[in-house]
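K.L.:
Need a 3D model of the following:
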Amino acid sequence: MSALLRAQARPLGPAFDLAATYGGPRDFFFEQEGVGVSATGIAARVDGPLPDMAEATADALGAIQADGTGPAPRAMGALPFDPLAPGSLVIPARATVRTAAGAWELEMTGPRGAGLSEAAGDSRPQVPARWAGRTSPRAPFGELQMLERPDASAYAGMVEAARARIRAGALDKVVLARTLEVRAGRTLDPAQLLRRLRAVEPAGYAFAAPTATGTLVGASPELLAQVSGRTLIMNPLAGSAPRHGDPRADHAAGEQLLRSDKDRHEHEVVVRAVAAALAPLCDGLDHPDEPVLHATANVWHLATPFHGRLRIGVRSVLSVVAALHPTPAVGGFPAAAALETLRELEPFERGSYAGPIGWVDAEGDGVWALALRCAELSGEHARLYAGAGIVAESDPDSEVEETARKFRAFLDSLRWG
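P.N.:
The predicted structure is shown next:
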């Protein structure tokens with residue numbers, strides 16, 4: 001289908017707000033600090049597992065006739081956590097793209113210039129209406145509206161089972177997740193939640209993407225891979241501590257995290273694995289010897305920023321994503337043993353939680369984050385996700401509390417949804 005597509009671009013105002021164009025559950029949104037893409041409709045779709053995505057999207061995007069103005073055509077979506085599970089990326093019928101240089105509208109047309117928006121089921125107005133959303137939260141969710149799966153006791157048991165495997169030498173680390181099911185008693189609005197998450201985490205990667213069963217909405221702190229030309233950056237996170245309202249206590253928590261042997265071990269496993277995965281793809285690869293603190297609204301993380309120069313021939317950000325995912329920051333190490341542990345211990349399917357989410361353009365450039373700090377919305381139901389990295393030194397009660405803190409923070413934002 002993409003061989004028949006043409007991309008037409010028109011400039012928009014320099015102060016254009018991407019969130020104003022996000023139309024609802026079947027649209028796509030991905031933004032960090034005002035730069036990103038909001039899209040609607042389906043002009044073409046690329047299906048397959050992650051290892052095949054780089055070549056398949058390059059073929060589909062390369063066949064589009066672009067008018068030479070504005071950003072290159074792009075494909076986008078949320079891919080499954082399981083890298084071998086079938087995923088799907090969409091070339092949208094219409095996309096609003098905001099870069100550091102300004103904002104553009106990209107519209108796909110057929111061979112005779114016919115628009116595709118109506119055929120793709122896009123009923124959103126060309127000029128979005130002024131937002132008239134909530135300015136205050138609804139009441140907190142009651143205990144009977146929420147169900148943990150697994151509950152705290154069962155999750156602590158999962159942590160103990162994982163520690164036993166680690167101590168037996170089966171693996172070094174595994175990231176165990178759990179879910180919180182919420183019945184809101186009202187239809188949840190992904191656009192409202194998205195705007196709230198942007199306000200709470202302005203430096204995060206705010207996203208919304210349709211899934212087979214709902215809409216995944218979140219604000220991730222973690223950049224999986226960003227490629228521009230041959231320049232690669234990424235910022236893996238592992239090891240965390242709660243933040244505090246009191247500045248002195250907050251500073252002390254961050255300093256304690258930097259000195260924590262358990263968290264530094266957890267982080268070092270990630271850094272070693274990332275460096276090994278990227279080495280065959282890069283002519284040069286740099287990262288600091290010591291982790292640094294990365295702050296979100298509620299959590300301190302240990303971070304190690306990577307900067308690399310891709311080898312000639314590695315031309316798509318999706319090639320990098322395929323080489324990296326799942327990193328030990330969301331799966332574990334070694335990857336095969338960690339994935340097997342997750343399949344046996346986690347009592348739910350992750351779907352796109354902790355999977356790659358982002359976009360790639362016809363030049364191979366793009367930005368991909370990990371779908372963390374998120375929930376899947378469907379009608380009046382929401383499924384929240386939270387995970388914790390488990391190593392030999394992990395304390396089950398502490399890991400339960402880490403996931404509970406993440407749930408509490410997201411529940412506060414969900415009250416605006």
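
K.L.:
surely Thr179 meets Phe348?
P.N.:
Yes. Under the criterion of C-beta atoms under 8 Å, Thr179 makes contact with Phe348 at 5.7 Å. Any C-beta I mention is one placed from the backbone N, CA and C, and that applies to glycine too.

K.L.:
who has more neighbours, these two?
P.N.:
Of the pair Thr179 and Phe348, Thr179 is the one with more neighbours under other C-beta atoms under 10 Å, namely 24 against 14.

K.L.:
and the more buried one, bridged to which residues?
P.N.:
For Thr179, the beta-bridge partners under DSSP bridges are Arg149, Tyr385.

K.L.:
coming back round to it: which neighbours do Thr179 and Phe348 share?
P.N.:
When C-beta atoms under 8 Å, 6 or more residues apart in numbering defines a contact, the residues bordering Thr179 and Phe348 alike are Arg149.

K.L.:
what's the pLDDT at the nearest residue to Leu339 once chain neighbours are set aside?
P.N.:
Counting by C-beta to C-beta, 6 or more residues apart in numbering, Leu339 lies nearest to Gly331, which is 6.1 Å off, once chain neighbours are set aside. The predicted local distance difference test score for Gly331 is 96.

K.L.:
Contact partners for Gly331?
P.N.:
Under the criterion of C-beta under 8 Å, 6+ apart, the contact partners of Gly331 comprise 81, 174-175, 338-339, 342, 354.

K.L.:
Tell me the most packed of those residues, by neighbour count.
P.N.:
Within the contacts of Gly331, neighbour counts (other C-beta under 10 Å) peak at Val174, which reaches 31 neighbours.

K.L.:
by contact count, what packs against the strand or helix carrying it?
P.N.:
When secondary structure is defined using DSSP states H and E, the element that contains Val174 is strand 173-183. Applying 3 or more C-beta pairs under 8 Å, 6 or more residues apart in numbering; DSSP states H and E, we find strand 173-183 packed against strand 146-149, helix 152-167, helix 261-278, strand 332-333, helix 335-345, strand 381-390, helix 396-414.

K.L.:
Could you save the ones you listed as CSV and add columns showing distance to Pro86?
P.N.:
Below are the helices and strands packed on strand 173-183 laid out as CSV (distance: least, C-beta to C-beta, whole Å):
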stretch, distance to Pro86
strand 146-149, 25
helix 152-167, 27
helix 261-278, 23
strand 332-333, 23
helix 335-345, 16
strand 381-390, 21
helix 396-414, 28
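
K.L.:
Distance of the residue positioned nearest the centre of the chain relative to Gly77?
P.N.:
Most central residue of the chain, judged by C-alpha distance to the mean C-alpha position with C-alpha atoms, centre = their mean, is Ala371 at 2.6 Å. Remark: distance between Ala371 and Gly77 (C-beta to C-beta, to the nearest Å) = 11 Å.

K.L.:
Any chance you could list residues touching both of these two?
P.N.:
Residues touching both Ala371 and Gly77 by C-beta under 8 Å, 6+ apart: Ile357.

K.L.:
domains of the protein?
P.N.:
Structural domains annotated on the chain: 2-108, 146-184+221-414, as defined by automatic domain parsing.

K.L.:
distance of Glu33 from Glu402?
P.N.:
Look at Glu33 and Glu402: by C-beta to C-beta, they are 27 Å apart.

K.L.:
Can you pick out the residue with more neighbours from the two?
P.N.:
Glu402 (20 against 12).

K.L.:
give the contact list for Pro247.
P.N.:
By C-beta under 8 Å, 6+ apart, the contact set of Pro247 is empty.

K.L.:
what about Leu84, how many neighbours?
P.N.:
Burial measure for Leu84: 10 neighbouring residues, criterion other C-beta under 10 Å.

K.L.:
And Asp365, by the same measure?
P.N.:
If you count neighbours by other C-beta under 10 Å, Asp365 ends up with 19.

K.L.:
low-confidence ranges in the protein?
P.N.:
Per-residue confidence for the chain (pLDDT under 70) gives these ranges: 1-3, 111-135.

K.L.:
Which single one of the contacts of Gly331 is nearest to Asp263?
P.N.:
Each of these was checked against Asp263 using C-beta to C-beta; the closest is Val175, at 13.5 Å.

K.L.:
ok so, going back, quick one: closest of the domains of the chain to Pro140.
P.N.:
Smallest distance to Pro140 across the domains of the chain (C-beta to C-beta): 7.5 Å, for domain 146-184+221-414.

K.L.:
and the spatially closest residue to Gly102 that is not a sequence neighbour, backbone torsions?
P.N.:
Distances taken as C-beta to C-beta, 6+ apart place Pro14 nearest to Gly102, at 5.2 Å, with adjacent residues excluded. In terms of degrees, to the nearest 10, the main-chain angles of Pro14 are phi -70, psi -20.

K.L.:
Can you verify my assumption that Pro14 contacts Thr99?
P.N.:
No. Under the criterion of C-beta under 8 Å, Pro14 is not in contact with Thr99, lying 10.8 Å apart.

K.L.:
ok, so of the contacts of Gly331, who is nearest Arg26?
P.N.:
Looking at the contacts of Gly331 and their distance to Arg26, the nearest is Phe81, at 21.6 Å (C-beta to C-beta).

K.L.:
I'd assumed the closest one was in a strand, is it?
P.N.:
No. Assessed by DSSP: H, G, I helix; E, B strand; the rest coil, Phe81 does not belong to a strand; its assignment is coil.
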